[in-house]
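Trainee: Sequence isn't available, so here's the structure alone:
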Ligand SMILES: CSC[C@@H](O)[C@@H](O)C(=O)COP(=O)(O)O
Ligand SMILES: [Zn+2]
């Protein structure tokens with residue numbers, strides 16, 4: 001129970017440090033989302049990163065390294081829109097710049113999620129197309145502006161690159177065209193939304209579609225060939 005500040009002050013009880021309710025809520029949503037992504041198998045080992053932009057413009061992002069299924073609020077740190085940590089010694093996600101790029105580009109983006117699912121990794125390594133196309137799936141309606149299954153969404157795919165500023169320059173060319181996030185080849189997906197709940201729903205939608213597509217392609221390629229030996 002929180003002490004009444006008036007009584008606490010009179011009785012010499014130490015008051016808690018200044019409350020930052022918005023930050024606490026953002027950090028808690030990142031911790032919960034990390035657990036959810038882990039339950040779904042999308043953040044193996046130390047893979048993945050998560051962020052939230054607060055209403056006042058602050059950006060909360062996960063520290064680099066560490067398992068995203070076991071985050072605590074201390075695993076979440078503050079960076080500016082250029083991805084620089086605000087507190088000395090903090091080491092933000094190695095891919096912070098990709099989060100900040102999305103916030104810089106889309107004024108209404110409030111949460112960004114990155115995971116390494118099997119489906120996004122495998123599908124993007126089995127074709128060198130510039131985009132993966134998803135069509136005729138009901139769940140396509142999870143993405144902004146989609147009202148019917150009878151559509152074809154392109155999810156851009158970019159070559160993986162450990163040089164994140166260079167990778168972000170490739171991504172920049174296609175950000176306006178993508179409605180369902182993007183894939184880094186052999187690596188994973190980036191998805192965003194106006195808040196954490198919607199970003200998570202879109203990630204879940206995209207991962208569901210990628211799993212369907214992986215299954216569909218496996219079945220199509222498994223059409224029996226007559227053994228003539
Ligand atoms: C398990 S290696 C994954 C990393 O190289 C990276 O791609 C990743 O998603 C996590 O990096 P992080 O710096 O913890 O945010
Ligand atoms: Zn990654």
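Mentor: Yes, it's here. Because the structure is a prediction, the values reported are computed rather than measured. Numbers count the residues shown, from 1 in each chain. Ligands and ions are numbered 1, 2, ... in the order given.

Trainee: so which helix or strand takes in residue 81?
Mentor: Taking DSSP states H and E as the definition, one finds residue 81 inside no helix or strand.

Trainee: A strand includes residue 155, no?
Mentor: Yes. Assessed with DSSP: H, G, I helix; E, B strand; the rest coil, residue 155 lies in a strand.

Trainee: Helices of this protein, start to end?
Mentor: Per DSSP state H, the chain carries helices over the ranges 5-11, 21-39, 96-105, 118-124, 164-172, 196-221.

Trainee: for ligand 1, what are the nearby residues on the protein?
Mentor: The interface of the chain toward ligand 1, taken as C-beta under 6 Å from any ligand atom, is made up of 45-49, 62, 64-65, 93-95, 114. To be clear about C-beta, it is placed using only N, CA and C from the backbone, and glycine gets the same treatment.

Trainee: could you dump the helices of the chain to CSV with mean pLDDT and mean neighbour count?
Mentor: Below are the helices of the chain laid out as CSV (pLDDT from 0 to 100; neighbours: other C-beta atoms under 10 Å):
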stretch, mean pLDDT, mean neighbour count
helix 5-11, 54, 10
helix 21-39, 98, 18
helix 96-105, 98, 21
helix 118-124, 98, 20
helix 164-172, 98, 15
helix 196-221, 97, 17
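
Trainee: got the ones you listed as a markdown table, with distance to residue 153 columns?
Mentor: Shown next, in a markdown table, are these (distance: least, C-beta to C-beta, whole Å):
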| stretch | distance to residue 153 |
| --- | --- |
| helix 5-11 | 52 |
| helix 21-39 | 22 |
| helix 96-105 | 18 |
| helix 118-124 | 14 |
| helix 164-172 | 17 |
| helix 196-221 | 9 |
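
Trainee: quick one on the thing from earlier: would you write a ChimeraX line that selects the buried entries of the residues of the chain next to ligand 1?
Mentor: Buried members of these, defined by 16 or more other C-beta atoms under 10 Å, are picked up in ChimeraX with:
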select :47,48,49,62,93,95,114
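
Trainee: quick one: residue 198 from ligand 1, how far?
Mentor: Note on residue 198: its distance to ligand 1, by C-beta to the nearest ligand atom, to the nearest Å, is 21 Å.

Trainee: From residue 72, how far out is that residue?
Mentor: Taking C-beta to C-beta, to the nearest Å as the criterion, residue 198 is separated from residue 72 by 24 Å.

Trainee: Right, I'll call it a day here.
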